[in-house]
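Enquirer: Pasting the sequence and the predicted model now:
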Amino acid sequence: MCVPLVAGAQEEAEEAVAEATAEVAGPPAQEATDPSDERGTVLVLPSRTPVGAAADGATLDVLLASVLQELGFTVRDAENVARELDEGAPGLERARDSYLDMDLEGALAAATAVRDAHLAHGGDLLVDSLLEEAELFMLKVLIDLGRQDEAARLAARVLQRQPGLRLDPADHSPTILALWSATVLGQSGRDPDEPDPERLERFGGEIGVDWVVVGVRRASKGPEAELTVLVVPTYPGDKRSRHEVILGPRAGWTVAVREALVERFPPPAPPPPVIPPGGSGNGNGGTVDDGPPWYKTWWFWTTVGVVVVGGVAGGLGGYYGTREPENPTVGSDPWAAQN
């Protein structure tokens with residue numbers, strides 16, 4: 001049985017994400033209502049961190065997954081993928097039986113076969129718990145066989161993959177615990193290796209995702225922490241990319257990770273405004289009139305002429321109607337004055 005480096009590392013990671021999000025508000029999450037609107041499926045692998053930074057790794061995993069969901073991706077959980085693949089992987093029963101029969105070489109060979117089977121389906125990429133179990137069993141057998149150097153190298157490889165792993169004293173001998181403690185001390189602060197991008201591409205294609213994303217956390221240099229975000233597509237026609245991020249204080253991690261992923265996956269452009277049927281916003285039921293403007297039409301000026309003539313006639317009638325009685329009267333019928 002193994003215990004994490006920091007008790008409640010997952011809880012600490014989630015609290016850190018909540019604090020960072022509260023201090024620096026980001027854009028609201030985009031919920032895909034139609035599967036055709038999704039940008040693809042992403043597998044977020046467990047972040048690789050220096051030995052002693054287990055809580056940082058859990059925080060980065062949550063941040064990467066949450067930002068990718070905001071950008072419209074469907075995120076697959078590495079733990080669930082590992083569980084699915086483990087169903088077809090061999091167990092350690094044969095190795096344990098050989099160990100109980102004092103066949104240490106047979107037990108080591110059987111455990112090695114289990115380890116190789118899990119490595120073949122990406123157990124080291126997924127931080128597979130059954131792979132961990134097989135390798136710790138191998139560690140015990142190697143120590144029993146007196147092969148200390150091989151045991152130390154194996155412990156170092158396990159720690160490079162799982163920097164927060166610690167052994168429960170109730171389940172392991174003092175010799176194994178002493179070797180493990182010495183290895184932890186020697187590995188503390190060492191930068192993890194980057195995974196092979198070609199292997200990430202093959203693995204992502206095997207499990208049916210469009211992208212594989214993993215963060216590689218570098219050793220802290222002063223107050224700032226460096227993170228490399230690897231983005232690997234699993235289909236032809238797109239390029240892999242590496243994004244260097246200066247994380248800075250923990251409260252700003254959310255913004256730093258979001259900037260790196262938005263650089264690679266800009267948010268989708270907003271759709272153009274929808275014009276309802278029968279209306280285009282010009283007030284004529286969606287019909288565009290290509291004729292002359294209203295003030296150049298014949299009917300407009302005819303109307304103006306009638307109005308002007310009528311106005312002049314009315315004005316003259318009003319004028320003559322106010323003159324003295326000896327003057328002639330202008331009526332509506334010019335022939336009336338002559339009779």
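Expert: Looks like it arrived, so ask away.
Enquirer: which stretches of the stretch 1-150 of the chain form helices?
Expert: Assigned by DSSP state H, counting those that start in this stretch, the stretch 1-150 of the chain shows helices spanning 9-23, 54-70, 78-86, 93-100, 104-120, 123-126, 129-144, 148-161.
Enquirer: of all these, which lies closest to P273?
Expert: Closest of the helices of the stretch 1-150 of the chain to P273 is helix 54-70, at 23.9 Å (criterion: Cβ to Cβ). (C-beta placed from N, C-alpha, C; glycine too.)
Enquirer: Could I get the average pLDDT for that closest one?
Expert: Helix 54-70 carries an average pLDDT of 86.
Enquirer: Now that helix: buried residues?
Expert: Using 16 or more other Cβ atoms under 10 Å as the test for burial, helix 54-70 gives 54-70.
Enquirer: same thing with stretch 157-173?
Expert: Buried residues in stretch 157-173, counted by 16+ other Cβ under 10 Å: 158-167, 172.
Enquirer: among those residues, which two are most distant?
Expert: Farthest pair in the buried residues of stretch 157-173 (Cβ to Cβ) is Q160 and H172. Separation: 19.6 Å.
Enquirer: what bits of the chain have low per-residue confidence?
Expert: Residue ranges of the chain with pLDDT under 70: 1-38, 54-55, 88, 220-225, 271, 274, 276-339.
Enquirer: quick one on the thing from earlier: and which of the buried residues of stretch 157-173 is nearest A182?
Expert: Nearest to A182 out of the buried residues of stretch 157-173 is L159 (Cβ to Cβ; 11.2 Å).
Enquirer: what's the distance between the residue nearest to that closest one when sequence neighbours are not counted and W211?
Expert: Nearest non-adjacent residue to L159, counting by Cβ to Cβ, 6 or more residues apart in numbering: Q187, 5.0 Å away. Computed as Cβ to Cβ, to the nearest Å, the Q187 to W211 distance reads 30 Å.
Enquirer: any idea how far V262 lies from H243?
Expert: Taking Cβ to Cβ, one finds V262 at 10 Å from H243.
Enquirer: er, I207 I mean
Expert: Between I207 and H243 the computed distance is 23 Å (Cβ to Cβ).
Enquirer: re earlier: could you dump the helices of the stretch 1-150 of the chain into JSON lines and include distance to F203?
Expert: Listed next are the helices of the stretch 1-150 of the chain as JSON lines, based on distance: least, Cβ to Cβ, whole Å:
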{"stretch": "helix 9-23", "distance to F203": "24"}
{"stretch": "helix 54-70", "distance to F203": "17"}
{"stretch": "helix 78-86", "distance to F203": "10"}
{"stretch": "helix 93-100", "distance to F203": "26"}
{"stretch": "helix 104-120", "distance to F203": "10"}
{"stretch": "helix 123-126", "distance to F203": "6"}
{"stretch": "helix 129-144", "distance to F203": "14"}
{"stretch": "helix 148-161", "distance to F203": "15"}
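Enquirer: so which of the ones you listed comes closest to A182?
Expert: helix 148-161 (7.8 Å).
Enquirer: Name the helix or strand for T228, please.
Expert: strand 226-233 (DSSP states H and E).
Enquirer: then that strand to PDB, C-alphas only?
Expert: Taking C-alpha atoms only, strand 226-233 is exported to PDB below (Å, rounded to 0.1, in the frame of the first residue of the first chain):
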ATOM      1  CA  GLU A 226       8.000  26.900 -15.100                       C
ATOM      2  CA  LEU A 227       5.500  24.700 -16.900                       C
ATOM      3  CA  THR A 228       5.700  23.200 -20.400                       C
ATOM      4  CA  VAL A 229       2.300  22.300 -21.900                       C
ATOM      5  CA  LEU A 230       2.600  19.700 -24.600                       C
ATOM      6  CA  VAL A 231      -0.200  19.500 -27.100                       C
ATOM      7  CA  VAL A 232      -0.100  16.500 -29.400                       C
ATOM      8  CA  PRO A 233      -2.800  15.800 -32.100                       C
END
